[in-house]
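**Student:** Sequence and computational prediction follow.
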Protein chains: 2
Amino acid sequence: MVNFNYYAPTNVLFGRGVEEQVGEIVSGYGFSRILVHFGGGSVKRSGLLDRVLARLESAGVGYVLLGGVVPNPRISLVREGIGIVKKEKLQMILAIGGGSVIDSSKAIGYGVASGGDPWDFYSGKRKPTGCLPVGVILTIAAAGSEMSNSSVLTNEEEVRKKGCSNDLCRPLFALMNPELTMTLPPYQTSCGCTDIVMHSLERWFNRGGTMDLTDALAAGLIRTVMRSAAVLMEHPDDYEARANVMWAGSLSHNGLTGCGGVGRGDWITHNMEHEVGAIFDVSHGAGLAALWGSWARYVLPSCTERFVKFATMVLDVPQQESDTETALEGIRRMEAFFRSLNMPTSLAELGVSPTEEQMRLMAHKCSGGGTVGRAADLDENDLYNIYKAAL
Amino acid sequence: MVNFNYYAPTNVLFGRGVEEQVGEIVSGYGFSRILVHFGGGSVKRSGLLDRVLARLESAGVGYVLLGGVVPNPRISLVREGIGIVKKEKLQMILAIGGGSVIDSSKAIGYGVASGGDPWDFYSGKRKPTGCLPVGVILTIAAAGSEMSNSSVLTNEEEVRKKGCSNDLCRPLFALMNPELTMTLPPYQTSCGCTDIVMHSLERWFNRGGTMDLTDALAAGLIRTVMRSAAVLMEHPDDYEARANVMWAGSLSHNGLTGCGGVGRGDWITHNMEHEVGAIFDVSHGAGLAALWGSWARYVLPSCTERFVKFATMVLDVPQQESDTETALEGIRRMEAFFRSLNMPTSLAELGVSPTEEQMRLMAHKCSGGGTVGRAADLDENDLYNIYKAAL
């Protein structure tokens, strides 16, 4: 194991009806003028937005609305948000939604508090020096952005999707009512469960060791999500299963399942998906499922020990004739899990057919011209091979 | 499951040599005058105190020293600390030690920021309204106070040991180097492992349900501590085992293993031990081990389902002829674990022989004149019976 920093300061209120406390919580922090940021019409149609606004008004909190966040949130709306916050002198951003809305809020927060163009923080040109406080009412269990230090943004002009990780953006509070996720379309629920599992998988697969406690927590988390996801396929309104998935979403990406791991994991599947998502606008979770198996088989020889431990400890695979066989059986079972959620396990099943040129370009961008990954050292040719295998 | 609040904002730096960063961290928060609070001579003898003071000096941080914290820390030293902090206008308290030193620091922090006599917060007379920031360099893995919202204090005049739980006292940062725990006497290591396991056990046993994810995390944590404790009995300088136990100590008491559980658990074994500790000045972990089995057998009929799940999920007990038998086998295995660490499983083995009068008094104080507990409803007569069974 290696030294680590664990910092997850978000104040989580979890359970039925917690969103009703938003007024007293926001005013309790001393905020009286905020940006309310959200996505499409679902928070309006469900009545959630109206309920939240009523609570804010009762608590004497003024607000400006900014809707319209789309999946794979865009820099243009972020720039608009920064302008509004500055002009209206708003003190915090309340994100109502899932990862896209929260990530867009974090980007606005960076832009307001750190100055300059927010894309700089995602392109790696500058590091943010501050972030306006972000609070969350979570409606989608997936990205874990409600406790995480990461955000992902799409620059639609440059056709790039990039992440920025910094503790400054960890949300101040998160109100998490599992009931709010019950009306998600089944496909989005499946994408969410996939993303949640993947956040711990990315941390699991690294050479150089981790720590037993982290493995035990990650295994417990992944197994719980897999069981709960199966329940939700049959009973989308099962409160306990929704709650397990929602809380797992936060814990799977707040750092807990990476403590002691070298480099905090691999993240190549995520980065490869970001390139696909930048071009094809697919659902993130589905994109991950489409790529993971091909990635796993490609890096297996470099990271066999971790794949064997994953297969036996997480998926109850009995020891096979060889470690490689045990590991491969684990990969097969993981893909079977994805399929059981109606997730794709290839780019074709994802509905995406990149050209040779696109695959070369995605591989090049993902590698940054160098060698990447913790489960294996991958250059742009390796990444191209993985895309190719995933077709 | 029930609604819950999870809030564990402590910034943890974990691993070899992290205590060397204390100067830059304290000054990074903007503190220039602090109280350095510690226990007996071991932090001096080991050279840790000198190293820390040198780092503070290099960073331009002034300090006042206050040593002398004893196990079951006392209100008299807390009052002295409050006087020093006020007189010297100190801005934070750096605790170097284990639970006793951290808890004493929290009590000083309450006293300074909330005013009045600090015992009021432990006797339940008043709630604290603020707490001076507390930072930690941890040298004992046990109490989990480095991330928790609790502190326990002994009023030596009133012969009472009481806890106060409030999020205000959650430490600002914790520097956790497992190497610093390698020189602990074996008995203290065992007491620490017992305390750590007990913090998740107390949360496990409640009627009214919990959530699957919390059970999975708690089971993984408890199993990891049990395995690591066994390693440490043979190899006290095993870094990985020390690290697992140390990190488990924080996670077992920061709230993680209680999320969704009714009332966040039972806590009767802890409260009964506090009464023993107030009179007999025993080691907390050993006191818990001495009482737990008698408590468990007494409450088993009221909370059978949780005992069965504990036996099967945590201790791999095969299903027996009856649920009660399965549960009892789990209790036996837990006691066997305590004995494997040379921990007592009775008050006699703890070296304590309370009189009838003392047991009646302890039971009365522990019950507060009413009914307590989450695994079962226990009045003062029940508590007396448990003490009696534990003799």
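**Tutor:** Happy to help now that I have it.
**Student:** Report how many residues lie close to A:N342.
**Tutor:** Using other CB atoms under 10 Å in any protein chain shown, A:N342 has 15 other residues around it. Heads up, the C-betas are built off the backbone N, CA and C, glycines and all.
**Student:** I figured it hits A:Q188, correct?
**Tutor:** No. Counting by CB atoms under 8 Å, A:N342 stays clear of A:Q188, with 11.3 Å between them.
**Student:** Name the nearest residue to A:S46, sequence neighbours excluded.
**Tutor:** Excluding the flanking residues, the one nearest A:S46 by CB to CB, 6 or more residues apart in numbering or on different chains is A:T183, at 6.7 Å.
**Student:** ranges for the strands of the stretch 151-300 of chain A?
**Tutor:** Secondary structure of the stretch 151-300 of chain A (DSSP state E, counting those that start in this stretch): strands at A:160-165, A:173-176.
**Student:** got the buried residues for the first one?
**Tutor:** Right, strand A:160-165. A:R160, A:K161, A:K162, A:C164 (16 or more other CB atoms under 10 Å in any protein chain shown).
**Student:** for the last one, same thing?
**Tutor:** Buried residues in strand A:173-176, counted by 16+ other CB under 10 Å: A:F173, A:A174, A:L175, A:M176.
**Student:** so who does the closest residue to A:T324 other than its chain neighbours touch?
**Tutor:** Excluding its sequence neighbours, the residue lying closest to A:T324 (CB to CB, 6+ apart) is A:T304, at 6.4 Å. Neighbouring residues of A:T304 by CB atoms under 8 Å, 6 or more residues apart in numbering or on different chains: A:D323, A:T324, A:A327.
**Student:** Now, of these, which are buried?
**Tutor:** Neighbour counting over these (16+ other CB under 10 Å) leaves A:A327 as the buried ones.
**Student:** what about stretch A:373-391, how long is it end to end?
**Tutor:** The first residue of stretch A:373-391 is 21 Å away from its last residue (CA to CA, to the nearest Å).
**Student:** Mind listing residues that contact that stretch?
**Tutor:** In contact with stretch A:373-391 (CB under 8 Å, 6+ apart) are residues A:205-208, A:262-263, A:265-268, A:272, A:290-291, A:293-295, A:297-299, A:301-303, A:306, A:346-348, A:353-354, A:359-360, A:362-364, A:366-367, A:369-372.
**Student:** What about the contacts of A:T304, which are in strands?
**Tutor:** Per DSSP state E, strands hold no members of those.
**Student:** The contacts of A:T304 in helices, which ones?
**Tutor:** Counted as lying in helices by DSSP state H, out of the contacts of A:T304, are A:D323, A:T324, A:A327.
**Student:** List just the nearest of those residues to B:R333.
**Tutor:** Nearest to B:R333 out of the ones in helices among the contacts of A:T304 is A:D323 (CB to CB; 31.8 Å).
**Student:** List the residues that contact that closest one.
**Tutor:** So A:D323 contacts A:T304, A:E305, A:V308 (CB under 8 Å, 6+ apart).
**Student:** Confirm for me that A:A248 is in contact with A:I196.
**Tutor:** Yes. Counting by CB under 8 Å, A:I196 is a contact partner of A:A248 at 5.5 Å.
**Student:** A:Y122 touches A:N155, doesn't it?
**Tutor:** Yes. Applying CB under 8 Å, one finds A:Y122 in contact with A:N155, separated by 7.2 Å.
**Student:** which of these two has more neighbours?
**Tutor:** Per other CB under 10 Å, whichever of A:Y122 and A:N155 has more neighbours is A:Y122, with 24 against 18.
**Student:** how about the nearest residue to that one, chain neighbours excluded?
**Tutor:** Nearest to A:Y122 is A:K162, by CB to CB, 6+ apart, at 4.1 Å.
**Student:** Next, count neighbours for the residue lying closest to A:E202 once chain neighbours are set aside.
**Tutor:** For A:E202, ignoring the flanking residues on the chain, the nearest one in space by CB to CB, 6+ apart is A:G265 at 4.6 Å. Residue crowding around A:G265 was assessed by other CB under 10 Å; the count is 22.
**Student:** Can you name the residues of the stretch 151-300 of chain A that neighbour chain B?
**Tutor:** Remark: the part of the stretch 151-300 of chain A in contact with chain B comprises A:211-213, A:216-217, A:219-221, A:223-224, A:227-228, A:240, A:243-244, A:247-248, A:251, A:256, A:259-260, using CB under 8 Å from any CB of the partner chain.
**Student:** Filter those down to the ones in helices?
**Tutor:** Per DSSP H, those map to helices at A:212-213, A:216-217, A:219-221, A:223-224, A:227-228, A:240, A:243-244, A:247-248, A:251.
**Student:** Would you write a PyMOL line that selects the buried entries of those residues?
**Tutor:** Entered in PyMOL, the line below selects the buried ones among those, by 16+ other CB under 10 Å:
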select buried, chain A and resi 212+213+216+217+219+220+221+223+224+227+228+240+243+244+247+248+251
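**Student:** Test my guess that A:G23 contacts A:L56.
**Tutor:** Yes. A:G23 lies in contact with A:L56 (CB under 8 Å); the separation is 5.3 Å.
**Student:** More neighbours: these two, which one.
**Tutor:** Remark: of A:G23 and A:L56, A:L56 carries more neighbours, 21 against 18, as counted by other CB under 10 Å.
**Student:** what secondary structure does the residue sitting furthest away from the middle of chain A sit in?
**Tutor:** For chain A, the largest distance from the centre (CA atoms, centre = their mean) belongs to A:E321, which lies 36.2 Å off. A:E321 falls in the coil class when you classify it by DSSP: H, G, I helix; E, B strand; the rest coil.
**Student:** Would you mind measuring from it to A:L328?
**Tutor:** Applying CB to CB, to the nearest Å, the value for A:E321 to A:L328 is 11 Å.
**Student:** overlap in contacts of the two?
**Tutor:** With CB under 8 Å, 6+ apart, A:E321 and A:L328 have no common neighbours.
**Student:** quick one, helices of the stretch 251-391 of chain A?
**Tutor:** For the stretch 251-391 of chain A, helices defined by DSSP state H, counting those that start in this stretch occupy the ranges A:268-280, A:284-299, A:304-309, A:323-340, A:347-350, A:356-367, A:380-389.
**Student:** Most tightly packed of those helices?
**Tutor:** Mean neighbours per residue, mean count of other CB atoms under 10 Å in any protein chain shown, is largest over the helices of the stretch 251-391 of chain A for helix A:284-299, with a mean of 25.
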